[in-house]
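1. Structure of the sequence below:
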Amino acid sequence: MYKVRLKEKYINEIVPEMMKEFGYKSIMSVPKLDKIVVNVGVGRIVRDNKDNLNRVIKEVENIVGQKPVVSEAKKAISNFKTRIGMPVGVRVTLRGARMYEFLDRMVNIALPQVRDFRGLSKKSFDKHGNFNIGIKENLIFPEINKDDIKIIFGLEANLTTTAKTDQEAYKLLKSLGLPITDTKK
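-> Sure, this is the predicted structure:
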């Protein structure tokens with residue numbers, strides 16, 4: 001059976017290390033990565049050309065390995081030229097093996113391709129142990145064929161953990177390989 005490299009690292013290295021550092025009595029109390037939600041806002045992209053929605057869905061599916069869900073507008077907002085039922089976003093929730101594989105590819109392959117990348121800001125924690133990553137271009141992912149690209153879009157990855165504090169989540173995500181910097185930007 002195929003074993004996910006990052007999950008094996010979590011079980012064999014990170015759990016014992018965090019139990020020692022934070023003084024957890026049980027393995028079950030050690031924080032873990034719960035889910036990763038990937039979001040793409042498609043309001044302006046779809047307004048220009050309706051076929052772009054299918055392109056975005058296909059590219060997000062290639063990036064994360066799972067079919068995304070289209071979010072539709074619940075209200076009509078004239079300033080944003082939005083009507084009820086219009087597609088405004090594409091999202092996918094990753095759990096289990098796909099979540100660890102996506103995180104591994106994003107940390108080791110995609111993020112180093114960002115121009116002038118100096119790490120992720122520690123300010124991206126939300127005081128509840130969750131971390132948000134904003135990516136400006138979908139071109140950094142190796143699953144995207146750069147010759148066939150028609151539209152460039154940004155996406156957001158929300159890493160949800162079971163950690164109670166940002167310090168626990170910081171230690172967990174740093175141990176999983178996220179290049180989180182301590183310096184202020």
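
2. Can you list phi and psi of the residue most central in space within the chain for me?
-> In the chain, the centroid-proximal residue (Cα atoms, centre = their mean) is residue 157; its distance is 2.4 Å. Main-chain torsions, residue 157, degrees, to the nearest 10: phi -120, psi 120.

3. Report how many residues lie close to the closest residue to it other than its chain neighbours.
-> The spatial neighbour of residue 157 that comes closest, neighbours along the chain excluded (Cβ to Cβ, 6 or more residues apart in numbering), is residue 133 at 4.5 Å. (C-beta placed from N, C-alpha, C; glycine too.) By the criterion of other Cβ atoms under 10 Å, residue 133 has 19 neighbours.

4. Where does residue 133 sit: helix, strand or coil?
-> When classified by DSSP: H, G, I helix; E, B strand; the rest coil, residue 133 comes out as strand.

5. roughly how far apart are the residue nearest to the centre of the chain and residue 139?
-> Using Cβ to Cβ, to the nearest Å, residue 157 is found at 16 Å from residue 139.

6. mind listing the strands for this protein?
-> For the chain, the strands defined by DSSP state E cover 33-41, 69-72, 87-94, 120-121, 131-135, 155-161, 180-181.

7. okay, those in a markdown table with distance to residue 105 and mean pLDDT next?
-> As requested, the strands of the chain are exported to a markdown table (distance: least, Cβ to Cβ, whole Å; pLDDT from 0 to 100):
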| stretch | distance to residue 105 | mean pLDDT |
| --- | --- | --- |
| strand 33-41 | 11 | 94 |
| strand 69-72 | 21 | 89 |
| strand 87-94 | 11 | 91 |
| strand 120-121 | 16 | 86 |
| strand 131-135 | 13 | 91 |
| strand 155-161 | 11 | 93 |
| strand 180-181 | 18 | 86 |
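
8. Surely residue 149 is in contact with residue 139?
-> Yes: under the criterion of Cβ atoms under 8 Å, residue 149 makes contact with residue 139 at 6.8 Å.

9. Mind listing the shared neighbours of those two?
-> Common contacts of residue 149 and residue 139 (Cβ atoms under 8 Å, 6 or more residues apart in numbering): none found.

10. ok, back up a step: of all the strands of the chain, which one comes closest to residue 61?
-> The closest of the strands of the chain to residue 61 is strand 87-94. By Cβ to Cβ, the value is 8.0 Å.
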